[in-house]
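S.K.: A predicted structure for the sequence below; I have some questions about it.
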Amino acid sequence: MDFKKSINRFFFVNYILMLISLSGFAVINARSDMRTLIFSITVVFAYSFIYLVPAGLFLFILNTVLKLFRLTNVFIKFFVYGMAVFVFTLTHLIILVDRIIYKMYEFHFNGFVWNILTTKGGIESMGFDNVAYWTSAGFFLGAIIIEVLLLFVCIRWGTFKISRISRLPHYLRVAMPYTAVFLFAVQGVCFGISSFNGNSDILAASNAFPFYMPITFQGVLKDMGFESHRKMALTANQDDNLALQYPLKEIKQRPDSPRYNIVWLVAESWRADMLTEEIMPQTWEFTLTAQRFLDHYSGGNGTRKAMFGMFYGLYGNYWSKFLSEQRSPVLMDLLQQNDYQIDLYTSARFTYPEFDKTLFSRIPAEHLHEQPDSVGWKSDRINVSRMLDFINSRDKSKPFMTFLFFESPHARYYFPPECEIQKDYLKEFNYATADIQKDINLIFNRYVNSCNHLDTQFAKIIHYLQENDLLDSTIVIITGDHGEEFMEHGHWGHNSAFVEEQVRTPMVIWVPDMKPAEYTKMTSHLDIPSTIMHVLGVENPSEDFSLGIDMFSDEKRQFTVFSDWSNLVYMDSDCKIVLPLKVSASFTGINEVTTADDEIVEDSASIYNKKINTLVHVLNDASKFTTTHSQRH
């Protein structure tokens, strides 16, 4: 009995089993074109090997360590055999559970799922009972038995008169790992080219595989002189062929709907407490005539997820899928269907984050105007002038929509001399030499001055609309993408935590003929699409196209959700709960829970347990707009 050969055979047999298991993920992409199907098959063969490598390495290291202790060969063999059965069974079960989760929720095994599985009451809230527990236990035991039988076959290979297989030429026996590496390289190149050219079918197909490692080389291809030929954005009537089910129902609009113009103004890193009479007096004066929301939250603590929530009304976990399928928001679709003249401006870029492939994917490139500059206030002034030129020269027989993303309040918080309302500020702000802890108050004063400059640019637009009698026919939206922290909780900037300073923003909406009002109820960027679409006469309920609510309705938001790359964060009047979306973030055993105003919670487990049913509701919402979910219902 050759111990090493037996383990190698056992690895090979498990590779065959993994191929069968992963074929289920390929079936998910079976409706795609031939290129996508070939890509999926290549991934199956490569990743079936990759998923088993950790188990194989573990057994090799275990065998080596045991030999160092000079244990008997019989003990080492049977201990390694036992561990081989366990680790290979565990590997298969993880992939199988992931397949089930993906089929249900359109995302893979992650920190959120781990928390549900390991939190008291979590599994029960998803419908598990004693029968389900015993069934799961029986399934695990059955998998162990199957692996034991397979190992027995591998050990007694010669007895089953198939030993000739073990005498195959050496180059064939070692071909499997080299073939796997080759196939991994092939699918990686295929994915990279598809990413460069925007092949949404292959990009979407890659999402079906657990722990898929995307490989991109857009910069290299561009440097070599290749030009991207990404597909045009898919139109609404092609939704049946997409992995997304968005919207859930056809959008219907009243025939007599108002055709209000829309002026949408968003400021980078503009936090809620900056909209005051002292810092931004002209914008403040305008808010007294409009609808002002005093407890408003972003959809994320960074621009990408914040803007995604603002235009789609969906949680940030949907971002990758919408990006891969280049699906525009129903709000923008509605405006185009109503023949709006659309011209959009940014003092950053539309390509990073990829708003040209998401928020504005159906807007022709000639209507996406970038003006990036290291000194943001200068870009803002140029863009304001260009925006007003567009409004002034538009076709007045049609409604218009224009958008401007301001950079004035973005670090390093530049401003012209006339906006120095805080005289004591850090005059030279160099990232490499600045002492953030020591200089934070002076840095904050720079930020205040930059917000004062932002005020002058908002005012320029508002005054133009007033002087040209456009406010009677125009919706004006003024908000920030997210907030900005200045060490109030140990962080500077944003994208680092979900504290109030990073996720709360001002929110002001002007709607013709609406009386001025202040709202103290909780609102969110997620609510903006529903609110605007209903003002424009959309008859559908919000849940048909959004996870938000109409801010002008009597409905009150009981909780909100914001996100970053790795987490969804649940928040209500009591607490904030971080729900990791990555397995690696969840195995620390710590589930971050704070009060709503970011105070430390001593008994976080009890709060988490009390909220488990609502958290499961969030999980369902995180998969609501996918075809898999709609088919289940």
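M.R.: Structure received.
S.K.: for stretch 368-388, buried residues please.
M.R.: Neighbour counts over stretch 368-388 (16 or more other CB atoms under 10 Å) mark 368-371, 373, 376-381, 383-384, 387-388 as buried. Glycine gets a C-beta too; all of them are placed from N, C-alpha and C.
S.K.: just the CA atoms of stretch 527-543, as CSV, please.
M.R.: The C-alpha coordinates for stretch 527-543 follow below in CSV (Å, rounded to 0.1, in the frame of the first residue of the first chain):
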residue,chain,number,x,y,z
ASP,A,527,-35.2,57.5,-1.2
ILE,A,528,-34.2,60.0,-3.9
PRO,A,529,-35.3,58.0,-7.0
SER,A,530,-38.7,57.1,-5.5
THR,A,531,-39.3,60.7,-4.5
ILE,A,532,-38.4,62.3,-7.8
MET,A,533,-40.1,59.7,-9.9
HIS,A,534,-43.4,60.1,-8.0
VAL,A,535,-43.1,63.9,-8.5
LEU,A,536,-42.8,63.2,-12.2
GLY,A,537,-46.0,61.2,-12.2
VAL,A,538,-44.8,57.6,-11.9
GLU,A,539,-47.6,55.4,-10.7
ASN,A,540,-45.6,52.4,-9.5
PRO,A,541,-45.1,51.8,-5.8
SER,A,542,-41.5,52.4,-4.8
GLU,A,543,-40.8,48.7,-4.2
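S.K.: how far off centre is it?
M.R.: Averaging C-alpha positions (CA atoms, centre = their mean, to the nearest Å) puts stretch 527-543 23 Å from its chain's average.
S.K.: helices of the stretch 451-600 of the chain, start to end?
M.R.: 500-503, 528-535, 583-586 (DSSP state H, counting those that start in this stretch).
S.K.: which other helices and strands contact the lengthiest helix in the chain?
M.R.: Across the chain, the longest stretch assigned as helix under DSSP state H is helix 34-68. Applying 3 or more CB pairs under 8 Å, 6 or more residues apart in numbering; DSSP states H and E, we find helix 34-68 packed against helix 3-28, helix 73-105, helix 175-197, helix 200-206.
S.K.: and this protein, what are its domain boundaries?
M.R.: 3-109+168-206, 267-419+449-486+494-558 (automatic domain parsing).
S.K.: winner for burial among those domains?
M.R.: Highest mean neighbour count among the domains of the chain (mean count of other CB atoms under 10 Å): domain 267-419+449-486+494-558, with a mean of 20.
S.K.: Trp565 - how many residues pack around it?
M.R.: 15 (other CB atoms under 10 Å).
S.K.: now it. Its backbone dihedrals?
M.R.: phi -60, psi -30 (degrees, to the nearest 10).
S.K.: which residues touch it?
M.R.: Listed by CB atoms under 8 Å, 6 or more residues apart in numbering, the contact set of Trp565 reads Lys305.
S.K.: picking up where we left off before, in JSON lines, list the helices and strands packed on helix 34-68 along with mean pLDDT and distance to Pro329.
M.R.: Below are these laid out as JSON lines (pLDDT from 0 to 100; distance: least, CB to CB, whole Å):
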{"stretch": "helix 3-28", "mean pLDDT": "81", "distance to Pro329": "26"}
{"stretch": "helix 73-105", "mean pLDDT": "82", "distance to Pro329": "22"}
{"stretch": "helix 175-197", "mean pLDDT": "77", "distance to Pro329": "22"}
{"stretch": "helix 200-206", "mean pLDDT": "69", "distance to Pro329": "16"}
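S.K.: the ones you listed: which one's closest to Thr456?
M.R.: Among the helices and strands packed on helix 34-68, helix 175-197 comes nearest to Thr456, with 40.9 Å by CB to CB.
S.K.: still on that earlier bit, nearest to Gly309, out of the helices and strands packed on helix 34-68?
M.R.: Closest approach to Gly309 among the helices and strands packed on helix 34-68 (CB to CB): helix 73-105, 19.0 Å.
S.K.: min pLDDT across the buried residues of stretch 368-388, which one?
M.R.: Minimum pLDDT for the buried residues of stretch 368-388 is recorded at Asp373 (71).
S.K.: and the spatially closest residue to it that is not a sequence neighbour, how close does it get to Tyr447?
M.R.: Leaving aside its sequence neighbours, Asp373 sits nearest to Ser379 (CB to CB, 6 or more residues apart in numbering; 4.1 Å). Separation of Ser379 from Tyr447 (CB to CB, to the nearest Å): 17 Å.
S.K.: same question for Ser563.
M.R.: Ser563 sits 24 Å away from Tyr447, going by CB to CB.
S.K.: so between those two, which is more surrounded?
M.R.: Of the pair Ser563 and Tyr447, Ser563 is the one with more neighbours under other CB under 10 Å, namely 28 against 25.
S.K.: quick check: that one touching Gly316?
M.R.: Yes: using CB atoms under 8 Å, Ser563 is in contact with Gly316, at 3.1 Å.
S.K.: OK, contacts around Pro353?
M.R.: Pro353 neighbours (CB under 8 Å, 6+ apart): Thr303, Arg304, Met307.
S.K.: nearest to Ser257 among the residues you listed?
M.R.: Met307 (25.7 Å).
S.K.: give me the three-state assignment for the closest one.
M.R.: Put simply, Met307 is helix when judged by DSSP: H, G, I helix; E, B strand; the rest coil.
S.K.: test for you: state the pLDDT assigned to it.
M.R.: At Met307, the model reports a pLDDT of 98.
S.K.: alright, that wraps it up for me.
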